[in-house]
Structure formats: C-alpha cells, structure tokens
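J.: Need a 3D model of the sequence below.
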Amino acid sequence: MRHLKRISFLFPLLILTSCIETMELPSTGNGNPTGISEDKDAFIEITPRWAFSELGISSLSDMETTEDGRLYFADPVNHRISVVRPSGKRETGIYESLRQLSFHGSPLSPVSVAVDDRFILYFTNRSDTVYAWFQYLNMAGVEGIVTSFDYRVDGEIVTEDPYIGEFTEGYTRLDHSEVLNTDPALIDSLLSIVPLYASRDQSNREATIDPIDGSVLGNNPVYASLTKSFIAVADESVESRHIAVMDSLNNRLINFKLVPTYLLKLSNGFFIWHFKGVYDNLLASDGTGAGTISEPNSLYSDENGNLLYTQFGDYFGFHKLRTGMYTTAFTFGTDDIMDLGRFKSPMDAVVGDDGAIFVLDSTQNAVLKFSPQGEFQKFVAIREEWIKETDTTWIDNEMILRDTLVQVSYHDLLDAPKALAFYNEVLYVSDNGNQRILRFTRTEAGIEDPNPYD
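T.: Purely as a prediction, here's the structure:
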C-alpha cells in the first residue's frame, strides 16, 4: 500500500548570457513549508528495535504498561509473561515466577495481560477462568495472615475475625492486636498464580454479598454454567474494584468485582487484602450495532476507566464504552472512527497521553491515529520517504523551475502486527511477523528519518 503527498515550490530562472542560475530549495530554517519540518504530529521510530529473543519471548499475544514504566509481554508459546523496563532490560527476581506459568502442575498459555494500580496482574488463557498474580505482595513480602484483631465496640474490647470487624460499623481496631497464621504453605499459595475469577464457582451461581458495600453479586447460574473463552481482560478502576473480561465464545463483555478474602500483614507492617472475583454485570452482548460484541479480539481500559475493544465481526471493528454507563462513546455517520470499512483487521487499541486513540490494523500493516473525538488524523508505524521531482515551465515570459516534494508512504514496515501499548509518549507495536517490538514517539522538531535501519 502506498500513499502520496505533494508539496510544490516555484523558483524563477534568471537567463544571463546562456547561463542558468537556480534558486536552492528552502533550507531547514524558519521559512520551511508546513508539512515538512513543522509537522507537530510526526511520529519517528526510536532505536534500537527490540528483538523478541532479547525480551525472553518467542511469541506475543498481548502487552501492558504500568505507571512505573514496566512492560508485560504475554507469550503463550512459552507459557510466560516477560517483564522488561523501559530501557528494554529484562526484570528478574520476583518476576521469575512468571516465566513458567502453571496451576496445579498444568501449564497456562497467557493470551492477554493487565495490571491494575494495586499491582495485581491478571491474565487469561482462553479458558473460563481469569488468573492473577499479586505483584505487590511478592515485592513487599508477607509476615502472616490475620486471623483476628481486638476491636473496641461500645466501650468494650472484643476479638473478631477481620472479615467481620473491618466492615462492621462501630468497630475500632486496636493497634498491634493482630493474631497471625504464619503457615508457609498457605502464604505461598496466596503469593503464587491463583484462579482469581473461576466463572463456574458457586459464588457466581448464588447470591454473594460484598462485605465492603453490601451489594449483591453473582446470582447468575445460567451464565456460570456456560462454556466460555476469556480472551482479554482489563481493569476498570481501583475505586469500583471491577475487572472487565471479554468472552469471545459467547460474544459477551462482563465484569466481576474484587471481594476480600484474606487480610495479610506485610513485612513492611502494612495490611493488604487478598481478593477473589465474583460476577457482577453484563456490559455488552452479541449484536452488529454500536456498543455490541461480534468476534472480539482485544480489550483495553484508559485512565478514566473507559473500555475500548476491537473485533472482527460485522460492521464496526472498534468500540468505546463510557465508564460506569457502558454506553457507546462514538456515533456512526458522525465520527470517523465508526466509518464502515475503516478497519480491515483491527487487532488492538490503546489511548495516548493526550487522549488520542491508536488502533492497530494487521491488514493495513499500520496504526491508525484518531483524535479523542474520533477524527482520523494519520497513519503511524509506516515507512515514509520524501522524493524531489524537478521540472521547468514558463510563466509571463519567465522560465520557472518547479521543485515538487513528494511524500511516499509504504505500509511495509510491519508484518502481522498483534498488539499495542503506550507509556510516556511512546507507542509500542508488536511486529510479530518480524519477531520484534517497534517504538514510536511524536516529535515537534520536524520529520526525521523514521526508519534508520531501512
């Protein structure tokens, strides 16, 4: 695929005793024409390129960035989630437990990964379960599991299970009164990979009360009994404790809520709850209109908790649902991002620092950039070249030298791209066909060579 953009310059030729002098093409000074060095939305590639082998992966189905800049790569072939720093250096230490994902001896092949602000890592493997790894607990260390505290209640001291005392009005915890269970086997089980949301669990079939706010969860035996395939997961917000999950087999987007189970005392003296997931709501279901599900393949939440997803089904390849209301954010016939045929094979979507939306299309071998309002702006992650074409013409008996700059865009930089991530003004693109991660950033310094290796 190739796109052309032309910018023309006209220069008079001075004919003096059969000699021709020509005016030079404008330099890179302040007089440069808009579209060359004044393109405020030009994206250039950052080098070096990251080879999959350098990142400890051989396949990639999804990737995630966190507030501290770490990147998480889901590698289903090696049953692995590889973690790297923004520099590309692989993390070790506690992250080694993610290099061979398994539960009860059975390997797990992650196809999606998400990390929330609590530093809980979630992943799916096309089964009916969402797995989790409590990263912060592993980083801080666990001293023990609280079995009871002393509380002051109406002037008296009572000893109570924290599951009751922490969520009952009128209970005031007394400092340093905790009784701990320090069983190493139990602690290790909570620090390992856990099935956080097991959709067939009894808590999802029957009514389950959230001890924090009293809401009724679960109570959906019909959906709990269905065979499912969870292919994507995204956290909505810390405050809501909701985690969204895409079920591709049933064309449903649902969420579950984090419900406290064990209260842990960390080695740093803080107390942190361990959670399990319990079904809460159906957010979107099968259909062909805006805000419906049809052969979904990705899910992403922005910093406000809005949900973005891509899909291969009929009509609309991209959708955005507003946080809390789960109504569609864009309108067919009004917003470019909802144009029929806009996407051929939309694989993933992310949101940039300024609210811009990036959608990866594997058929077009490019990333399509949209404004926060859904207006198409440009292609990113493509190869661009400027070609100078020179010709002469006569205007009012004066010979004019015509220089035309032609910008040629080639959609051949990517091969079978699969996933996107965004952090600190850098767009990450998984170029699976070439076994590498490419990085792009916007520059206000002008267009430079975006592909220094080509």
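
J.: pretty sure Gly56 contacts Tyr72?
T.: No - Gly56 is beyond contact range of Tyr72, at 11.8 Å (criterion: Cβ atoms under 8 Å). In this view, the C-beta of every residue, glycine as well, is placed from N, C-alpha and C.

J.: got any residues that touch both of these two?
T.: Common neighbours of Gly56 and Tyr72 (criterion: Cβ atoms under 8 Å, 6 or more residues apart in numbering): Ser82.

J.: quick check, Ser59 in a helix?
T.: No - under DSSP: H, G, I helix; E, B strand; the rest coil, Ser59 sits outside any helix and is assigned coil.

J.: Check what pLDDT it gets.
T.: pLDDT recorded at Ser59 is 98.

J.: ok, now how distant is it from Asn78?
T.: Here Ser59 is placed at a distance of 7 Å from Asn78 (Cβ to Cβ, to the nearest Å).

J.: Quick one: residues contacting Val351.
T.: Val351 touches Tyr300, Asp302, Glu303, Leu308, Ile357, Phe358, Phe422, counting by Cβ under 8 Å, 6+ apart.

J.: So which of Gly56 and Tyr72 has more stuff around it?
T.: The neighbour comparison of Gly56 against Tyr72 (other Cβ atoms under 10 Å) goes to Tyr72, with 24 against 18.

J.: rewinding a little: just the buried members of the contacts of Val351?
T.: Tyr300, Asp302, Leu308, Ile357, Phe358, Phe422 (16 or more other Cβ atoms under 10 Å).

J.: mind listing what the second one touches?
T.: To tie it back to what came earlier, the one meant is Asp302. By Cβ under 8 Å, 6+ apart, Asp302 lies in contact with Leu308, Val351.

J.: hey, which helix is longest across this protein?
T.: helix 184-191 (DSSP state H).

J.: which residues are in contact with that one?
T.: Phe134, Leu137, Asn138, Val142, Gly144, Ile145, Tyr262, Leu264, His274.

J.: Same list (those residues) but as CSV, adding neighbour count.
T.: Below are the contacts of helix 184-191 laid out as CSV (neighbours: other Cβ atoms under 10 Å):
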residue, neighbour count
Phe134, 23
Leu137, 21
Asn138, 19
Val142, 23
Gly144, 17
Ile145, 21
Tyr262, 19
Leu264, 22
His274, 20
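
J.: what are the ranges of the helices in the stretch 351-454 of the chain?
T.: Using DSSP state H, counting those that start in this stretch, no helices are found in the stretch 351-454 of the chain.

J.: ugh, wrong one, I meant the stretch 51-200 of the chain
T.: Under DSSP H, counting those that start in this stretch, the stretch 51-200 of the chain gives helices at 135-140, 162-165, 184-191.

J.: Just give the nearest non-adjacent residue to Ala421, would you?
T.: Nearest residue to Ala421, sequence neighbours excluded (Cβ to Cβ, 6 or more residues apart in numbering): Tyr428, at 4.2 Å.

J.: Tell me how many other residues surround that neighbour.
T.: Number of residues near Tyr428 (other Cβ under 10 Å) recorded here: 21.

J.: For it, give me its contacts.
T.: The neighbours of Tyr428, taking Cβ under 8 Å, 6+ apart as the test, are Met63, Thr65, Leu71, Leu420, Ala421, Phe422, Ile437, Leu438, Arg439.

J.: Surely the fourth one is in contact with Leu427?
T.: Spelled out, it's Leu420. Yes - look at Leu420 against Leu427 with Cβ under 8 Å: they come within range, at 6.9 Å.

J.: Now do the shared contacts for those two.
T.: Val350, Phe358, Val367.

J.: Was I right to think the first one contacts Val429?
T.: Same thing as Val350. No - Val350 is beyond contact range of Val429, at 10.0 Å (criterion: Cβ under 8 Å).

J.: Identify the residues contacting the spatially closest residue to Gly324 that is not a sequence neighbour.
T.: The spatial neighbour of Gly324 that comes closest, neighbours along the chain excluded (Cβ to Cβ, 6+ apart), is Gly305 at 7.2 Å. Neighbouring residues of Gly305 by Cβ under 8 Å, 6+ apart: Glu236, Ser237, Ser240, Thr323, Gly324.

J.: and Asn220, what are its phi and psi?
T.: phi -140, psi 70 (degrees, to the nearest 10).

J.: residues in contact with it?
T.: Contacts for Asn220 (Cβ under 8 Å, 6+ apart) come out as Asn204, Arg205, Tyr279.

J.: Number of residues surrounding Ile212?
T.: Ile212, neighbours per other Cβ under 10 Å, totals 14.

J.: measure it to Val259 for me?
T.: Distance, Ile212 to Val259, using Cβ to Cβ: 8 Å.

J.: Show me the shaky parts of this protein.
T.: Confidence mapping of the chain against pLDDT under 70 gives the ranges 1-39, 444-454.

J.: one step back: for the contacts of Gly305, give me TSV that also has distance to Thr292 and neighbour count.
T.: Converted to TSV, the contacts of Gly305 look like this (distance: Cβ to Cβ, whole Å; neighbours: other Cβ atoms under 10 Å):
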residue	distance to Thr292	neighbour count
Glu236	19	21
Ser237	23	16
Ser240	23	15
Thr323	18	16
Gly324	19	13
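
J.: Right, I'll leave it there.
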